[in-house]
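**Q** Turn this into a model:
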Amino acid sequence: MSAPDPLALPGLPKDAQGPVFAEPWQAQAFALTVRLHAEGAFEWTDWANALSRELARELAREPDDDGSRYYFHWVAALESLVAERGILSAADLAARKQAWDHAYRHTPHGKPVELLPQ
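**A** I've put the predicted structure just below:
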């Protein structure tokens, strides 16, 4: 039996050429998910279940969700799966988010946001 096609996920914004990304971070989140799977961090069924749980939670909170926050849910699902698998702890994820937030807020307008080595 072959692995499920990651592009066949329900709700994935796509066109005839493949996934559609409104922002670069969305493409990066997609690529990171594909890479983690390719390196054996999780199976596609595990990923699909994590994303389904996140989308169901959002639908329960916001029944009129228009899909514009799809990749926010994607990232939340990836974070939960990474934490569940012990790839990074929830504390490590929170620290990394805080570091990116700090870098973003302290980067001059027009300059690329970079996370400096710690």
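
**Q** Give me the below-cutoff pLDDT ranges for the chain.
**A** 1-12, 118 (pLDDT under 70).

**Q** ranges for the helices of the protein?
**A** 24-38, 44-61, 70-84, 90-105 (DSSP state H).

**Q** so of the ones you listed, which one's packed in deepest?
**A** helix 70-84 (a mean of 19; mean count of other Cβ atoms under 10 Å). Using the backbone N, CA and C atoms, a C-beta is placed for each residue, glycine as well.

**Q** Show the contacting residues for the most centrally placed residue in the chain.
**A** The centroid of the chain falls nearest to residue 75 when counting by Cα atoms, centre = their mean (2.4 Å). Listed by Cβ atoms under 8 Å, 6 or more residues apart in numbering, the contact set of residue 75 reads residue 29.

**Q** Distance check, it against residue 108.
**A** 26 Å (Cβ to Cβ, to the nearest Å).

**Q** Same question for residue 60.
**A** 41 Å.

**Q** again, but for residue 71
**A** 26 Å.

**Q** now residue 58
**A** For residue 58, the distance to residue 108 - Cβ to Cβ - is 34 Å.

**Q** Pull up the distance across stretch 16-33, start to finish.
**A** Using Cα to Cα, to the nearest Å, the end-to-end distance of stretch 16-33 comes to 21 Å.

**Q** got it, and stretch 77-91?
**A** Span of stretch 77-91 from end to end, Cα to Cα: 16 Å.

**Q** can you count the residues close to residue 89?
**A** Residue 89 has 11 neighbouring residues, counting by other Cβ atoms under 10 Å.

**Q** you'd agree it is up against residue 83?
**A** Yes - contact criterion Cβ atoms under 8 Å: residue 89 and residue 83 qualify, at 6.5 Å.

**Q** was I right about residue 70 contacting residue 20?
**A** No - between residue 70 and residue 20 there is no contact under Cβ under 8 Å: 10.1 Å.
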